[in-house]
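A.B. asks: Generate a structure from the sequence data that follows.
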Amino acid sequence: MLALAALTLAGAAAKTQRLHLATATIVASRWPYLPGSVLPLHIEGIAPPYSVSILGPGQLRNGDTYAVPVASQAGTALLVVGNRAGFGTARLRIGAPPVGRPLLLVASYDEGLVLHDERDFSVIGVLATGGVPSDVAVDRAGEAIVTDTQGSQLTLASLATAWDVGHVGDVPFGDEVAADDALHAIFVTNRDWNGTGALTRVAGGRDVVVTRVSTGQTAEGLAVDERRQIVYVANTNDGTIAFVDARSMRIIRRLPAVPRVFSLALSPDGTRLYAISNQAVDSPFGKAGEAIEISLKGPLPLIVARSGRLSFPLGVALDDRANTLFVGDEDRGAIEVLDARTLRPKRAALATCSIPWKLTLDPASERLYVPCAGDNEIDVFDARSLRRVAHAPFATGGYPLAIAVWRP
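C.D. replies: The predicted structure follows:
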């Protein structure tokens, strides 16, 4: 490519014409890529078609995707792209995979799965998944599971003893994901499947069996009761919650809940389900959102409490020990702190960063993690004192939507 550019320039000089070659830019993360990464190449500055060459570890798939072998050692790879209009290069770092250490895993819509050191929040590396992550979960065995909200595959990464990366297909438009350790299964909500929302179960380890059931319109929020083997699915566009038998994958009931039911949280004993109505005061409809509490103790589910008006609620997390429900509010850039029994405010809302998406409460560290999609940061609060912890908020990948914690 460099020789072609030189010859082109030489030919232009002989004809006393000036030819300006464009500079191509290969868009990539500023952090190291981890082995097993699959990175669709985004080229700016020149239009396709163009050629891509690699010097160093990795291979090119389908002419436009860079893949790092799982067995790669730490180092660098030089990518060169060009055509008659211009050329450019990018030197990508390949990082050593983290195994057997405490991690924070961030589902970054723009970059992939970003792995942070749990102690100081520093970035260890990025696992590019080849798709667009919207959620991440970790099972007890230390396998991270990442959705692809614009595609149809899950990415699985082993974190416990030996680094390994694999993929599971036929999981379309995955939104939220949860691991069921009792069934050794993975559950994923599908925003769209044959024109409706659905729940997918992936069972059998890497020799997978994929089962799916339609749940309602635009399945998003998810909660799993491992004791009773019931999966709860929030169907945003029809305002219902589907109760699904985890073993048979059959619908037990559909409960009319709240308009635009978006996210769910389940109490540890499985007797209380919280649901968030993702409506906005300043929308064309001018309707506020709210949180509701559903009692699951009796023969039929019953709504037993409602919050006051919430301006634009998104994610939810339950601190059962402190009897506190945390609700992220996109309009205010804040975390509402509600009494989990009455859904009344316990104190003033916590100011946080922009677009607080899927909240995560880590019971072991008693920390509340807040992915701030609008600021490319993670905010962190002590769940007891409700004060921001040291070094928070910290930078992460572009448009973070969810976070999971892994400890060996």
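
A.B. asks: Contact partners for Ala349?
C.D. replies: By CB atoms under 8 Å, 6 or more residues apart in numbering, the residues touching Ala349 are 329, 332, 334-337. C-beta coordinates here come from the backbone N, C-alpha and C atoms, glycine included.

A.B. asks: dump the residue contacts of Trp88.
C.D. replies: Small correction: residue 88 is Gly, not Trp. Residues near Gly88 by CB under 8 Å, 6+ apart: 23-26, 43, 45-46, 80-82.

A.B. asks: so what's the residue lying closest to Ala395 once chain neighbours are set aside bridging to?
C.D. replies: Distance criterion CB to CB, 6 or more residues apart in numbering; nearest residue to Ala395, sequence neighbours excluded, is Glu377 at 5.8 Å. Beta bridges link Glu377 to Cys372, Ala395 when assigned by DSSP bridges.

A.B. asks: correct me, but Glu377 touches Phe394?
C.D. replies: Yes. With contact defined as CB atoms under 8 Å, Glu377 counts as touching Phe394 (6.4 Å).

A.B. asks: okay, and the common contacts of the two?
C.D. replies: By CB under 8 Å, 6+ apart, Glu377 and Phe394 have no common neighbours.

A.B. asks: Which residue of the two possesses the greater neighbour count?
C.D. replies: Glu377 (19 against 16; other CB atoms under 10 Å).

A.B. asks: Select the helix or strand of this protein having the lowest average pLDDT value.
C.D. replies: Every helix and strand of the chain was ranked by mean pLDDT, DSSP states H and E. The lowest is helix 2-14, at a mean of 41.

A.B. asks: can you pull out the strands in the stretch 201-350 of the chain?
C.D. replies: 209-216, 219-225, 230-235, 240-245, 251-256, 261-266, 272-277, 290-295, 302-306, 313-319, 324-329, 334-339, 350-351 (DSSP state E, counting those that start in this stretch).

A.B. asks: Select, out of the ones you listed, the one closest to Trp357.
C.D. replies: strand 313-319 (5.4 Å; CB to CB).

A.B. asks: Mind giving me the packing neighbours of the closest one?
C.D. replies: Using 3 or more CB pairs under 8 Å, 6 or more residues apart in numbering; DSSP states H and E, the elements in contact with strand 313-319 are strand 261-266, strand 272-277, strand 290-295, strand 324-329, strand 360-362.

A.B. asks: Buried residues in the third one, which are they?
C.D. replies: Using 16 or more other CB atoms under 10 Å as the test for burial, strand 290-295 gives 290-294.

A.B. asks: follow-up on the earlier one: out of the contacts of Gly88, which are buried?
C.D. replies: 24-26, 43, 46, 80-82.

A.B. asks: from these, which single one is nearest Pro57?
C.D. replies: The closest of these, once distances to Pro57 are taken by CB to CB, is Val80, at 14.9 Å.

A.B. asks: Please tabulate the buried residues of strand 290-295 in CSV, including the columns distance to Ala242.
C.D. replies: As requested, the buried residues of strand 290-295 are exported to CSV (distance: CB to CB, whole Å):
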residue, distance to Ala242
Glu290, 20
Ala291, 19
Ile292, 16
Glu293, 18
Ile294, 13
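
A.B. asks: quick one: stretch 156-168 to chain centroid distance?
C.D. replies: Computed by CA atoms, centre = their mean, to the nearest Å, the chain-centroid distance of stretch 156-168 equals 17 Å.

A.B. asks: What of stretch 272-283?
C.D. replies: Between the centre of stretch 272-283 and the centre of its chain there are 20 Å (CA atoms, centre = their mean).

A.B. asks: quick check: mean pLDDT across it?
C.D. replies: On average, the pLDDT along stretch 272-283 is 92.

A.B. asks: With just CA atoms, put that stretch into CSV.
C.D. replies: Provided in CSV are the C-alpha atoms of stretch 272-283 (Å, rounded to 0.1, in the frame of the first residue of the first chain):
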residue,chain,number,x,y,z
ARG,A,272,-41.5,-9.2,46.1
LEU,A,273,-41.1,-8.0,42.6
TYR,A,274,-40.3,-4.4,41.7
ALA,A,275,-41.1,-2.9,38.3
ILE,A,276,-40.2,0.4,36.8
SER,A,277,-42.4,2.4,34.4
ASN,A,278,-40.1,4.1,31.9
GLN,A,279,-42.2,7.1,31.1
ALA,A,280,-41.1,10.7,31.0
VAL,A,281,-42.8,13.9,32.3
ASP,A,282,-41.4,15.9,29.4
SER,A,283,-42.5,13.4,26.7
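
A.B. asks: which parts of it are buried?
C.D. replies: For stretch 272-283, the neighbour count (16+ other CB under 10 Å) marks 272-280 as buried.

A.B. asks: Repeat that for stretch 140-148.
C.D. replies: So for stretch 140-148, counting by 16+ other CB under 10 Å, buried means 142-148.

A.B. asks: What is the nearest of those residues to Leu264?
C.D. replies: The closest of the buried residues of stretch 140-148 to Leu264 turns out to be Thr147 (CB to CB; 16.0 Å).

A.B. asks: Quick check, that closest one in contact with Asp175.
C.D. replies: Yes. Contact criterion CB under 8 Å: Thr147 and Asp175 qualify, at 6.7 Å.

A.B. asks: which neighbours do the two share?
C.D. replies: 134-135, 188.
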